[in-house]
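Q: this one's sequence-less:
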């Protein structure tokens, strides 16, 4: 499993390497909103998390497309 994560990390571009940890922090914000039962904070965290994950996936797809 560690090798799979290492391979995925090496495939990411610099932009994705910056966005990925921020996306995980947004997931932590979502979980905080769930714990304190505040849908505004939870919804904001989930939105940021999904946007970050989508940006990372698009970045990886573009890199694969360029490589052929």
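A: Received the coordinates, thanks. These figures come from a predicted structure and were not determined experimentally.
Q: from here on, contacts and neighbour counts on C-alpha atoms
A: Noted.
Q: what is the neighbour count of residue 37?
A: Residue 37 has 11 neighbouring residues, counting by other C-alpha atoms under 10 Å.
Q: give the contact list for the spatially most central residue of the chain.
A: The geometric centre of the chain, computed from its C-alpha atoms, lies nearest to residue 53 (C-alpha atoms, centre = their mean), at 3.4 Å. Residue 53 makes contacts with 20, 23, as judged by C-alpha atoms under 8 Å, 6 or more residues apart in numbering.
Q: go on, the one 3 residues further on?
A: Contacts here follow C-alpha under 8 Å, 6+ apart; on that basis residue 56 touches 12, 15, 16, 19, 20.
Q: let me know the helix or strand that the closest residue to residue 34 other than its chain neighbours is in.
A: Distances taken as C-alpha to C-alpha, 6 or more residues apart in numbering place residue 42 nearest to residue 34, at 5.7 Å, with adjacent residues excluded. If you go by DSSP states H and E, residue 42 is part of helix 39-67.
Q: and that helix, what's its mean pLDDT?
A: Here helix 39-67 scores 89 as its mean pLDDT.
Q: just the buried residues of it, please?
A: Neighbour-count burial for helix 39-67, counted by 16 or more other C-alpha atoms under 10 Å, picks out 41-43, 45-49, 52-53, 55-56, 59-60.
Q: and the host helix or strand of residue 28, what other elements does it pack with?
A: Per DSSP H and E, residue 28 falls inside helix 14-35. Here helix 14-35 touches helix 39-67, going by 3 or more C-alpha pairs under 8 Å, 6 or more residues apart in numbering; DSSP states H and E.
Q: show me how far the helix it packs on is from its chain's centre.
A: Mean C-alpha position of helix 39-67 versus that of the full chain (C-alpha atoms, centre = their mean, to the nearest Å) differs by 5 Å.
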